[in-house]
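**Q** coords below, sequence missing:
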């Protein structure tokens, strides 16, 4: 049982914009659960246009694919920076692989 959570990078300081939480581990302790970068810390790297920049929305379809809308712009409320175009990513949660990496037009 994994919970996926988008953490928008509306301000500076957000390490990973897409995270996961293993709910099985949260039942084993009374401590606050730790969010893990999903799919990895490297794929949440600011400034790497192949990585996630600012996830605005996620959805898991019945086939186990995680659809990710990424605006490409970080810190829109504190220090707006658009180094990367917006994109749609589809991640297969069954195989843990990226299926689609589609760049969206900026205009």
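**A** That came through fine. Keep in mind that what you see is a predicted model, and the values were worked out from it rather than measured.
**Q** Compute the first-to-last residue distance for stretch 73-82.
**A** 4 Å (CA to CA, to the nearest Å).
**Q** Roughly how far does the most far-flung residue of the chain relative to its centre sit from residue 41?
**A** The centre of the chain is farthest from one residue, residue 30, which by CA atoms, centre = their mean lies 26.3 Å away. For residue 30, the distance to residue 41 under the criterion CB to CB, to the nearest Å works out to 27 Å. In this view, the C-beta of every residue, glycine as well, is placed from N, C-alpha and C.
**Q** Which stretches in this protein count as helices?
**A** Taking DSSP state H as the criterion, the chain contains helices spanning 23-26.
**Q** which residues touch the residue positioned nearest the centre of the chain?
**A** Nearest to the centroid of the C-alpha atoms of the chain, with distances taken as CA atoms, centre = their mean, sits residue 18, at 2.5 Å. Under the criterion of CB atoms under 8 Å, 6 or more residues apart in numbering, the neighbours of residue 18 are 4, 5, 6, 7, 37, 38, 39, 44, 52, 55, 58, 68.
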